[in-house]
Structure formats: structure tokens, C-alpha cells
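K.L.:
Here is a sequence together with a model predicted from it:
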Amino acid sequence: MDPHLLRTYVTVVRLASFSAAARTLGYTQSAVSQHIAALEQDLGTPLLTRRPVAPTRAGERLLDHAGPLLLRLDAARAEVLALAGAPDEGLTLAAAPTALTPRTLRALPTTGVTLRVVDRALVPEAVATGAAQLGLVDGLAAPTDPLRIPDVAPLTTRGTGEEPVCVVLPAGHPLARRAGLRLGDLADARWLDAPGAGLPLDQLRAATGGTGFRPALRYDGTDVRTLVALAAAGHGLALLPRSAATSEPDARGAEGTVAVPLTAPRVVHRTELLHAGALRGAAAAFAARLDVTRS
């Protein structure tokens, strides 16, 4: 199966248009049509309906495989090019917003850094394809347990830190004066669904082994301060690592909120560093500083 044809197919499906795919890929519309026809001939089945442009049942199954296949190819290309070796001129770090703890930020080099704050689900892909030399992901885990990282490419992971988590509540909330909260008791509360800025609701469900945690409002951004402001305004609760939920060093919540420690289940906010291949230059120095500050 020709990866060029496969990439054309994925683009046509994503844009639902042969002409838009041609503009995006820099081909003529005729060339895009020929690519799709050649792929369908190779597989012996129609992959797309033409009006409207949409995948057939067989096309949907191909799409399920296409993303990981193309990502693996991009990852292989990035790793080989890295071994061929352009001079190391700095550090590009892709990170989930709540993975950027104060200790992590202090470990960054003072110059030559490009920091890309993205949804945590996109961090492994950024590292695998060479868009970033390093990635920082985070999530809920039992103490010392590793995170579950999507198998997008052969990536090396190392734990960089763990800290307690807190429930962020409006200052006037009935539970704001509690010394601690059990997550299971909050399954039916109003929650903020903010997978890019806070700890995702599916992780809360997994931690309690149940259902619930239905969103009252969805926030698609990556700004933690906006998430806290939404909690302060009464739009729902949020779960954040202590360093993001509280004002240092007195552990009060951000203005208009209270951060109450989570007491059960026994989970922590864990961060992990991702990289492909051997570390060198600024990336190796940053990883070494993280190890020093963790010890």
C-alpha cells in the first residue's frame, strides 16, 4: 500500500472534499482522484462515496489503520533524520499545560527554548514526528505507577515527579471548608470538562471505577487560569495538581476559589518526560536538571 496514496485518502476524508485536499496537498484535483482510484483498485473495494464525499464501511476501517501507520512512518523519518544529525541549536519542548509544574519550569534552559503548550493527547505525536525533541505528559496515577502512553512510536519515558491533587471549588461552595474530599462522593457534582487544561473526566471515572462526572460546561482551551476562573464563577468543579490549583506558598486557592486536597482514592498527579532515541545537547541537559531537582 503506497503511503502517498494513503495520505491523500486521509486528507480527502478529513476535508470531505477532493478539491480542498488538492489545495492542501499541492496536487491537481485530477491527481487526487487518480490517487483514490489507485488505492481503491489496490484494495479491490470502494473507499469513498463521491456525493457527499464520505468513507464507505471499508473506508472507515482503512481510516482506523491509516492514522497510526502514517504516524509511524513520520516517526521513523524523524528519528533517522535526527541520527543524520543537524547541529543541536536548542530545545523544543511540547507539554500539557498542567505538566509545566514550577519545578519543571525552573529546569528549562535560560536561552534557546521553544515551548509548545498543547493538549496532552498531542504530546506523544509531537515527539514521535520530530516536532519536539522532548514531551511532558501528565495524569492521575497510583503513587509510583507509570502513565499509560499511546503506542504511537517507540518512545522512551521517565517519571519526573508526583504531587497531590486538589478539587477546585468556588469559595462559597458548601464543601469549601472541608479538610479533604473523596472523589467518589463528587461523581454527581457539576464538573468542568477541560481535557486540554485540567485532568480529564475519563481519568476521574477510571480512578473511581465507575461512571458519573458528567460535564456542566466544556472548555476546549489549554489555559489553566481560565479553567480556574470558570470554577470560581460556579460553572463546575475541576481537578488540578496542587501546584496549579493553589497559590504558593500558603496553599490557598486562586482568587475566588478554594483548593481542597483529594483524600480518596489514593492517587497523585504524575508527570513523565518522553523522547525518541538518545538525548543530546540541550535536551539531555534539561533531562539531567529534572533528575537533579527530583532527587
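P.N.:
Looks like it came in fine.
K.L.:
a strand runs through L279, doesn't it?
P.N.:
No. Using DSSP: H, G, I helix; E, B strand; the rest coil, the assignment for L279 is coil, not a strand.
K.L.:
That one contacts L273, correct?
P.N.:
No. Using C-beta atoms under 8 Å, L279 is not in contact with L273, being 9.4 Å away. No exception for glycine: its C-beta is placed from N, CA and C like everyone else's.
K.L.:
which of these two has more neighbours?
P.N.:
Each of L279 and L273 has its neighbours counted (other C-beta atoms under 10 Å); L273 has more, 25 against 17.
K.L.:
Quick one, grab the pLDDT at the residue positioned nearest the centre of the chain.
P.N.:
With distances taken as C-alpha atoms, centre = their mean, R120 lies nearest the centre of the chain, 1.4 Å away. Per-residue pLDDT puts R120 at 89.
K.L.:
before we move on, the earlier item: what sits in contact with each of L279 and L273?
P.N.:
L134, A287 (C-beta atoms under 8 Å, 6 or more residues apart in numbering).
K.L.:
The nearest residue to P102 once chain neighbours are set aside - how many residues pack around it?
P.N.:
Spatial nearest neighbour of P102, excluding adjacent residues (C-beta to C-beta, 6 or more residues apart in numbering): S243 at 5.7 Å. Neighbour count of S243, defined by other C-beta under 10 Å: 18.
K.L.:
what about S243, which helix or strand?
P.N.:
Assigned by DSSP states H and E, S243 belongs to helix 242-245.
K.L.:
mind checking how far that helix is from the chain centre?
P.N.:
Helix 242-245 has its C-alpha centroid displaced from the chain centroid by 19 Å (C-alpha atoms, centre = their mean, to the nearest Å).
K.L.:
Put the alpha carbons of that helix into PDB.
P.N.:
Presented in PDB, the C-alpha positions along helix 242-245 are these (Å, rounded to 0.1, in the frame of the first residue of the first chain):
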ATOM      1  CA  ARG A 242      -1.700  21.200  43.800                       C
ATOM      2  CA  SER A 243       0.800  23.500  42.200                       C
ATOM      3  CA  ALA A 244      -1.700  24.600  39.600                       C
ATOM      4  CA  ALA A 245      -4.700  24.800  42.000                       C
END
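K.L.:
circling back: check the gap between the residue nearest to P102 and P3 for me.
P.N.:
From S243 over to P3 the distance is 43 Å, taken as C-beta to C-beta, to the nearest Å.
K.L.:
what's the longest helix in this protein?
P.N.:
Determined from DSSP state H, the single longest helix within the chain is helix 57-84.
K.L.:
Give the next helix or strand downstream of the helix or strand of the chain with the lowest mean pLDDT.
P.N.:
Scoring the helices and strands of the chain by mean pLDDT, DSSP states H and E places strand 252-253 at the bottom, with a mean of 58. Once strand 252-253 ends, the next helix or strand along the chain (criterion: DSSP H and E) is strand 257-264.
K.L.:
contacts for that following strand?
P.N.:
164-171, 173, 175-184, 228, 231-232, 239-240, 242, 245-246, 251-253.
K.L.:
and if you look at stretch 164-179?
P.N.:
140, 181, 183, 186, 199, 227-228, 231-234, 237-242, 245-246, 253-254, 256-262, 267-269.
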